[in-house]
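Asker: A structural model of the following input is requested.
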Amino acid sequence: MKPERHEHPVLRVVTYNIHKGVQGLGPARRLEIHNLGHAVEQLDADIVCLQEVRREHRREAAYFKHWPSMPQAEYLAPEGYEAIYCTNAITRHGEHGNALLSRWPVLSHQHRDISDHRFEQRGFLHTRLEVVDRVVHVLVVHLGLVPASRVRQLALLLAHIAQDIPAHEPVLVAGDFNDWGTGLGRRMAQAGFREWREQPTPTYPSRLPLNQLDHVYARGLTPVHAMVPSGRIWRRMSDHLPLVAEFTWND
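Answerer: Sure, this is the predicted structure:
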């Protein structure tokens, strides 16, 4: 028996750059992936969008005694969630990319490479979910460090949405936009996307959050709330804090 929409009036979405599950540098670095697993479960989201997720890293796996035996996306998925991962960057010792953890069934997924220059490998993950009784598209993105690159990457993402997603189907775009200004937010608004901004929700750097680099934008859904958890444990797990955003159906 299928659930009714009134039984699930709010869609809870998290975006979180997990810094590959490791914090610190050199011999002082520490493994945080186990704490992140508990954190993701505690956030109790319908959809979790992750960036900087390791599929594998041979050097770190050899260094850390308790490195998980499975890829990080699968390790972080709470019981009953489906994990989807796609690689953005291949490095000497492994690879990392974006991931989506979903409480709702995943109908399909695809990856798009939007690398803008040879020094940064970037991409976005596009999934189609069956949420209650309709299709919801979720795009997990991690934009580049160069301002001009971010503008071009966002243009590619918006062109993909315009070409591949029917106008009547709800869309969420979530991830690390790496944007310290408001330019990309204005471009998203011009494309019909909204986010909850009734109070500041800075996410970076986690030890002293100064700016919101992480966003969840929606088209075809209404943003009703957003928050960033605080406390010492959250500051330790990654250089970003997670952003928790809630949306309601438009009808």
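Asker: tell me the centre residue of this structure?
Answerer: Cys49 (2.9 Å; C-alpha atoms, centre = their mean).
Asker: now the helix or strand harbouring that residue: how far from the chain's centre is it?
Answerer: Cys49 is part of strand 47-57 when elements are defined by DSSP states H and E. Offset of strand 47-57 from its chain centre (C-alpha atoms, centre = their mean, to the nearest Å): 8 Å.
Asker: Please name every helix or strand in contact with the worst-scoring helix or strand of the chain on mean pLDDT.
Answerer: The helix or strand of the chain with the lowest confidence, counting by mean pLDDT, DSSP states H and E, is helix 58-63 at a mean of 86. Using 3 or more C-beta pairs under 8 Å, 6 or more residues apart in numbering; DSSP states H and E, the elements in contact with helix 58-63 are strand 94-102. Every residue, glycine included, has its C-beta placed from N, CA and C.
Asker: follow-up on the earlier one: what's the angle between the strand holding Cys49 and strand 94-102?
Answerer: 160 degrees (axes from the mean of the first three to the mean of the last three C-alpha atoms, to 10 degrees).
Asker: What strands line up against strand 47-57, and which way round?
Answerer: Pairing partners of strand 47-57, with direction, according to DSSP bridges: strand 10-17 (parallel), strand 94-102 (antiparallel).
Asker: and it, which residues are buried?
Answerer: Ile47, Val48, Cys49, Leu50, Gln51, Glu52, Val53, Arg54, Arg55, His57 (16 or more other C-beta atoms under 10 Å).
Asker: Keeping just the C-alphas, turn it into PDB.
Answerer: Only the C-alpha atoms of strand 47-57 are listed here, as PDB (Å, rounded to 0.1, in the frame of the first residue of the first chain):
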ATOM      1  CA  ILE A  47      17.600  12.700   1.500                       C
ATOM      2  CA  VAL A  48      21.300  13.200   2.400                       C
ATOM      3  CA  CYS A  49      23.500  14.800  -0.200                       C
ATOM      4  CA  LEU A  50      27.200  14.300   0.400                       C
ATOM      5  CA  GLN A  51      30.400  15.800  -1.200                       C
ATOM      6  CA  GLU A  52      34.000  14.700  -0.900                       C
ATOM      7  CA  VAL A  53      33.000  11.100  -0.400                       C
ATOM      8  CA  ARG A  54      35.700   8.400  -0.800                       C
ATOM      9  CA  ARG A  55      35.100   5.300  -2.800                       C
ATOM     10  CA  GLU A  56      38.500   4.100  -1.900                       C
ATOM     11  CA  HIS A  57      41.900   5.400  -0.800                       C
END
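Asker: my guess is Leu139 meets Arg128, correct?
Answerer: No - judged on C-beta atoms under 8 Å, Leu139 makes no contact with Arg128 at a distance of 10.4 Å.
Asker: returning to that earlier point: need the buried residues of strand 47-57 in TSV (columns: pLDDT and distance to Asp164).
Answerer: Below are the buried residues of strand 47-57 laid out as TSV (pLDDT from 0 to 100; distance: C-beta to C-beta, whole Å):
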residue	pLDDT	distance to Asp164
Ile47	98	19
Val48	98	23
Cys49	98	18
Leu50	98	22
Gln51	98	21
Glu52	96	25
Val53	96	23
Arg54	93	28
Arg55	91	25
His57	86	32
